[in-house]
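J.: sequence and predicted structure below; questions after.
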Amino acid sequence: MFDQIAWRYDFLNHFFSLHIDKIWRREAVNELRGRQLGEVLDVATGTADLALTVLKRLHPGHVTGIDISEGMLAIGRQKIEKKGLAQQISLKYGDSAALSFDDLTFDAVIVAFGVRNFEHLERGLSEMFRVLKTGGKVVILEFSIPQNRIFRSLFHFYFFRILPFVGRLVSKDAHAYNYLPDSVRLFPHGAEFTSRMESCGFMEVTVRPLTFGIASIYTGIKQNA
């Protein structure tokens, strides 16, 4: 599905969010400020927007992005090569449920709008925990459901009515933009998701809503055993 919409993915992300998704990514990356970042892993990197953002703002030694969509990775590689950043960012095919990295490899793990697509949520979280170095931090940016009743009603109308209709017209994919609101509705956001993170070993877990709760940033630390 993501291969089919890769050619329009960036445009639609920015269009539907009125470019606020760029601010959300910057806010997520800011959660890693002040940390010594050698190796950073971007899980479900898609077209590498988050990987590019973390490199630009925090200048880590190297960023590795993984995704199961070769179509999305191809777009991401084009963007990286165009900017001359192929030495600093590498993209590769990879499954969140079985990361092909050794334990304790990365100083930070980041994810933007990808966790809700994990086929096995706890397994994906556990894999991120495994490859994270002791003292390392995970930052997860994901859609959530606003708690304010009035804003939630407006959000539901836009997200479940307008977005799928326009998305189908522009992307030419009848399924993808029905899948998006359904995946958001079913995702265990807020306290339920922080509980899942804690059950996978993360400590000092936090959640910070953004833009009236349309999105949220979740963070966690891998502490000493």
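T.: That came in fine, so what should we check first?
J.: low-confidence ranges in the protein?
T.: Scanning the chain with the threshold set as pLDDT under 70 gives 1-19, 163-179, 225.
J.: biggest strand in it by residues?
T.: As assigned by DSSP state E, the longest strand anywhere in the chain is strand 132-143.
J.: buried stuff in that one?
T.: Under the neighbour-count criterion of 16 or more other CB atoms under 10 Å, strand 132-143 has 132-133, 136-143 buried. All C-beta atoms are positioned from the backbone trio N, CA, C, and that covers glycine.
J.: relative to strand 132-143, how tilted is the helix or strand following it?
T.: Sequence-wise, the next helix or strand downstream of strand 132-143 (DSSP states H and E) is helix 149-157. For helix 149-157 against strand 132-143, the angle by axes from the mean of the first three to the mean of the last three CA atoms, to 10 degrees is 90 degrees.
J.: neighbouring contacts of helix 149-157?
T.: With contacts defined as CB atoms under 8 Å, 6 or more residues apart in numbering, helix 149-157 is touched by 145-146, 212-214.
J.: let me have those in CSV, extended by distance to residue 204.
T.: Listed next are the contacts of helix 149-157 as CSV, based on distance: CB to CB, whole Å:
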residue, distance to residue 204
145, 24
146, 25
212, 25
213, 22
214, 25
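J.: list the buried ones in stretch 119-130?
T.: Going by neighbour count (16+ other CB under 10 Å), the buried part of stretch 119-130 is 121, 124-130.
J.: strands - which of those residues land there?
T.: Counting by DSSP E, the buried residues of stretch 119-130 contribute nothing to strands.
J.: related to what we said a few turns ago, from the chain's centroid, how far away is the longest strand of the chain?
T.: Computed by CA atoms, centre = their mean, to the nearest Å, the chain-centroid distance of strand 132-143 equals 11 Å.
J.: return the list of strands paired to that strand, each annotated with direction.
T.: strand 106-112 (parallel), strand 215-221 (antiparallel) (DSSP bridges).
J.: most tightly packed of those strands?
T.: Across these, averaging neighbours per residue (mean count of other CB atoms under 10 Å) puts strand 106-112 on top, at a mean of 26.
J.: residue 124 and residue 104, how far apart?
T.: To residue 104, residue 124 is 18 Å away according to CB to CB, to the nearest Å.
J.: returning to that earlier point: possible to save the buried residues of stretch 119-130 as a markdown table with distance to residue 224?
T.: Formatted as a markdown table, the buried residues of stretch 119-130 follow (distance: CB to CB, whole Å):
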| residue | distance to residue 224 |
| --- | --- |
| 121 | 25 |
| 124 | 23 |
| 125 | 19 |
| 126 | 18 |
| 127 | 20 |
| 128 | 18 |
| 129 | 13 |
| 130 | 15 |
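J.: list the residues that contact the residue nearest the centre of the chain.
T.: Of all residues in the chain, the one closest to the mean position by CA atoms, centre = their mean is residue 112, 1.4 Å from it. Residue 112 is in contact with 24-25, 28, 42, 44, 46, 49-50, 141-142, counting by CB under 8 Å, 6+ apart.
J.: pick out whichever of the residues you listed sits closest to residue 96.
T.: Taking CB to CB as the measure, residue 96 lies nearest residue 44 of these, at 6.2 Å.
J.: wait, the closest one touches residue 67, no?
T.: Yes. Between residue 44 and residue 67 there is a contact under CB atoms under 8 Å: 5.7 Å.
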